[in-house]
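Q: Sharing a sequence plus its predicted fold:
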Amino acid sequence: MKAVWNNKVIAESDNTIVVEGNHYFPPADVNKEYFEESDTSSTCPWKGKASYYTINIDGKINEDAAWYYPQPKEAAAEIKNHVAFWKGVEVTE
């Protein structure tokens, strides 16, 4: 699977985990040079508290376009620190 935004591959992996229709990419398969920590968080009743990244490519900003669970609840333990995308990020095979 490949995640692309602004014509750049920001993540690529053969080992994504699909949860609720979203591909979660292992941390090692994410190109961190394009990611900035965000102060945004949200809570899922069964996965726990999500943290977000803003994507910055060549000065173009996609705020909170990626999320991950640094300390997921036990039911979602397999996606700990894996990154998923939305807000116009294309995830394709």
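A: Nice, thanks for sending it over.
Q: switch to C-alpha atoms for all contacts and neighbour counts from now on
A: Will do.
Q: And the strands in the protein, which stretches?
A: Using DSSP state E, the strands found in the chain span residues 2-5, 8-12, 17-19, 22-24, 35-44, 48-57, 60-68, 83-85, 90-92.
Q: Can you list the buried residues in stretch 11-25?
A: 11-13, 16-17, 23-25 (16 or more other C-alpha atoms under 10 Å).
Q: To clarify, my last question referred to stretch 61-81.
A: Within stretch 61-81, the residues that qualify as buried are 62-73, 79-81, counting by 16+ other C-alpha under 10 Å.
Q: can you check stretch 42-62 too?
A: Within stretch 42-62, the residues scored as buried using 16+ other C-alpha under 10 Å are 47-57, 62.
Q: now the strands of the chain in a markdown table, with mean pLDDT?
A: Shown next, in a markdown table, are the strands of the chain (pLDDT from 0 to 100):
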| stretch | mean pLDDT |
| --- | --- |
| strand 2-5 | 98 |
| strand 8-12 | 98 |
| strand 17-19 | 98 |
| strand 22-24 | 98 |
| strand 35-44 | 98 |
| strand 48-57 | 98 |
| strand 60-68 | 98 |
| strand 83-85 | 98 |
| strand 90-92 | 98 |
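Q: quick one on the thing from earlier: biggest separation within the buried residues of stretch 11-25, which pair?
A: For the buried residues of stretch 11-25, the maximum inter-member distance is 13.3 Å, found between 11 and 17 (C-alpha to C-alpha).
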